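Novice: just the structure for this:
(one chain, ligands or ions: 1)
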Amino acid sequence: MFDELNDYRKKIREFALKEFTEDVSKKYDRNEEFPFDIAKKALSLGMIDMENPAKILIAIEEMCRVDAGLGISATLPYFGGEVLLLFGNDGQKKILNDVYQGKVMLGLGITEPSGGSDVAGLKTFAKKSGNKYILNGSKMFISNGAIADYLVVLARTSEEEKRHQGLSTFLVNTKLKGFKATKLENKLGVRATNTAEIEFNDVELSEGDLIGEEGKGFYYIMTFFNISRIYVAGQALGISEGAFDKIKSYVKTMNLADEQTMFDVADVSTRIEAAKQLTYNAASYLFKYDPKPELTSMAKAYSGETAVYSSEKAMEITGKSPDESIQRIFRNAKIMEIWEGTSEVEKLVISKQILKGD
Ligand SMILES: Cc1cc2nc3c(=O)[nH]c(=O)nc-3n(C[C@H](O)[C@H](O)[C@H](O)COP(=O)(O)OP(=O)(O)OC[C@H]3O[C@@H](n4cnc5c(N)ncnc54)[C@H](O)[C@@H]3O)c2cc1C
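Specialist: Numbers count the residues shown, from 1 in each chain. Predicted structure coming up:
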């Protein structure tokens, strides 16, 4: 499934190396600016095939290998799109065509100021009133939040005894009255991505803005996480490989051959290989419509931790020659252990799934 895409991988890598030069990466990182031109260019040149998950995974990995801030930004306009693709009505799905062409930007709002791991505990409420829903509440750390045209939003629609049965997903037009986004500044990493706090103050939604069925939102989002966690594993894999590229180049240039360096090179390359096998193995099940949540969570948690480990090693090994690009990799790595489910949350999923079996 993936080997036949080697030419595509090469094309993406060439694109990223050409577009994500050190000066460009540095500029967007320092200014905390979203790279609209690069994101549009990547889409218009067909660099990112949003309709083919295997291609998206490869594009994410190769772009993040060169620069994760730009790579994630370029592959994020579609964020949340799978919820529309799998559960949306025809009108909602139509929006995806404009997303594929870079004309429309999406985002996904789940996390709230009170917490993100406990998805079923969210408080944003969409109250039914006649044939409308009135949305009130707030979301935190929402990628594309201040630049998206539409957000897929998970909100409570009833106070069911079983908390996760009272949630529903909506497609929210960010131009609606009562919608407010405030861009968050001074992030540690992935600074080219746009992250915002969102407020909904009596935002009036129509019944047509409901995605799928009322009360099924939690399940839709868990299905989405099964897909998006693979992409985060791909981001983390790319970051690890980028860190290792720096390590190899430095070790060779400086002719380092001491035992500690040799052990580090062996450890980093072994962990990257393990992360790659886990990620592509989990992806191969998912892309055949047979997801294995435990494999997906293993891939996400292990690749995330490998990104942090590899970038730390890159900092340590090249420490005598401070290089902003390596510092950027180090800062970009940390989020891999946090978004789309922290490592702790992934480990809970793994244990529950494994213990469910024989
Ligand atoms: C740059 C950035 C972009 C983001 N983009 C988005 C986005 O587009 N959309 C979106 O919805 N969210 C987004 N997030 C939010 C992200 O998904 C959450 O930060 C993440 O899910 C963790 O939630 P939290 O930060 O509220 O931490 P909490 O859930 O409050 O967790 C705090 C700590 O407690 C641990 N913990 C929590 N529950 C348990 C448990 N049961 N057992 C053991 N440990 C536990 C966690 O692992 C963590 O270490 C983004 C975050 C960042 C930083």
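
Novice: could you use CA atoms for every contact and neighbour count after this?
Specialist: Fine.

Novice: what residues does this protein have near the ligand?
Specialist: Residues of the chain lying close to the ligand by C-alpha under 6 Å from any ligand atom are 108-111, 115-117, 141-143, 195, 338-342, 344-345.

Novice: distance of the residue in the stretch 151-300 of the chain that the ligand sits nearest to from residue 137?
Specialist: Of all residues in the stretch 151-300 of the chain, residue 195 sits closest to the ligand, at 5.8 Å by C-alpha to the nearest ligand atom. Residue 195 is 17 Å from residue 137, where distance means C-alpha to C-alpha, to the nearest Å.

Novice: looking at the two, which is more packed in?
Specialist: The residue with more neighbours, out of residue 195 and residue 137, is residue 195; 24 against 19, by other C-alpha atoms under 10 Å.

Novice: got a pLDDT number for the spatially closest residue to the more buried one that is not a sequence neighbour?
Specialist: Excluding its sequence neighbours, the residue lying closest to residue 195 (C-alpha to C-alpha, 6 or more residues apart in numbering) is residue 143, at 4.4 Å. Residue 143 carries a pLDDT score of 98 in this model.

Novice: skipping adjacent residues, who's closest to residue 294 in space?
Specialist: residue 350 (4.6 Å).

Novice: return the set of buried residues in the helix or strand hosting that neighbour.
Specialist: According to DSSP states H and E, residue 350 maps onto helix 343-356. Of the residues in helix 343-356, 343, 345-347, 349-350 count as buried by neighbour count, 16 or more other C-alpha atoms under 10 Å.

Novice: still on that earlier bit, surely the residue nearest to residue 195 is in contact with residue 191?
Specialist: No - taking contacts as C-alpha atoms under 8 Å, residue 143 lies outside contact range of residue 191: 10.9 Å.

Novice: quick one: contacts for the spatially closest residue to residue 336 that is not a sequence neighbour?
Specialist: In space, and not counting its chain neighbours, residue 336 is closest to residue 304: 4.6 Å by C-alpha to C-alpha, 6+ apart. Counting by C-alpha atoms under 8 Å, 6 or more residues apart in numbering, residue 304 makes contact with 232-233, 236-237, 333-334, 336-337, 343.

Novice: can you rerun that using 6 Å?
Specialist: 236, 336-337 (C-alpha atoms under 6 Å, 6 or more residues apart in numbering).

Novice: pLDDT of the helix or strand harbouring it, averaged?
Specialist: Following DSSP H and E, the helix or strand that holds residue 304 is helix 293-317. Taken as a whole, helix 293-317 has an average pLDDT of 97.

Novice: mind checking how far it is from the chain centre?
Specialist: 15 Å (C-alpha atoms, centre = their mean, to the nearest Å).

Novice: what packs against the following helix or strand past it?
Specialist: Moving toward the C-terminus from helix 293-317, the next helix or strand (DSSP H and E) is helix 324-333. Helices and strands touching helix 324-333, by 3 or more C-alpha pairs under 6 Å, 6 or more residues apart in numbering; DSSP states H and E, are helix 293-317.

Novice: right, I'll call it a day here.
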